[in-house]
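Student: quick one, fold the following:
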Amino acid sequence: QVQLVESGGGLVQAGGSLRLSCAASGGTFSLYTMGWFRQAAGRERDFVAAIKWSGSSTYYADSVKGRFTISRDNARNTVYLQMNSLKPEDTAIYYCARGPLLTAAWRTSKDDHDYWGQGTQVTVSS
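Tutor: Residues are numbered from 1 along each chain as shown. Alright, predicted model coming up:
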């Protein structure tokens, strides 16, 4: 059984930084694209970033491009999200999720992700 556990959320002032981690267990982590999503109160869960199984290719939502960086360490079965220049509108619960197996195309829909973590709260104060 695959389990994903996020950590690293918290309260930060606008302009600050946070680094989220997502530790995976079960399954073969290194074969799957991994993604980060976020859900603000009263809103849909939206795609944030994704990284291919090898770590060689990444993809970002326009709203975070240039500020967030996704990375992974397959030896540690962990994916990271470095968030810089945070804005109040980045406030949300952040989730990591397992994406498709060894696929070339980017899949940013929630429906293309089969396992999810419990989420970690990120709050950015103005």
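
Student: who's the residue most central in space within the chain bridged to?
Tutor: Centroid check for the chain by C-alpha atoms, centre = their mean gives residue 36 as the closest residue, at 2.1 Å. Counting by DSSP bridges, residue 36 is bridged to residue 49, residue 96.

Student: contact partners for it?
Tutor: 20, 22, 48, 49, 50, 70, 79, 81, 94, 95, 96, 97 (C-beta atoms under 8 Å, 6 or more residues apart in numbering). The C-beta positions use only the backbone N, C-alpha and C, and glycine is treated the same way.

Student: what about the strands in this protein?
Tutor: Applying DSSP state E to the chain gives strands spanning 3-7, 10-13, 18-25, 32-39, 45-51, 58-60, 68-73, 78-83, 92-101, 115-116, 120-125.

Student: what angle separates the first one from strand 92-101?
Tutor: Okay, so that is strand 3-7. 150 degrees (axes from the mean of the first three to the mean of the last three C-alpha atoms, to 10 degrees).

Student: residue contacts, the closest residue to residue 5 other than its chain neighbours?
Tutor: Nearest residue to residue 5, sequence neighbours excluded (C-beta to C-beta, 6 or more residues apart in numbering): residue 23, at 5.0 Å. Counting by C-beta under 8 Å, 6+ apart, residue 23 touches 4, 5, 7, 76, 77, 78.

Student: the second one: neighbouring residues, count only.
Tutor: Meaning residue 5. Residue 5: 14 surrounding residues under other C-beta atoms under 10 Å.

Student: what of the third one?
Tutor: Burial of residue 7 is recorded as 13 neighbouring residues (other C-beta under 10 Å).

Student: from here on, call the first residue 350.
Tutor: In the new count, where the first residue is 350, that last one comes out as residue 356.

Student: for residue 406, give me its contacts.
Tutor: residue 400.

Student: what pLDDT does it get?
Tutor: Listed pLDDT for residue 406 reads 94.
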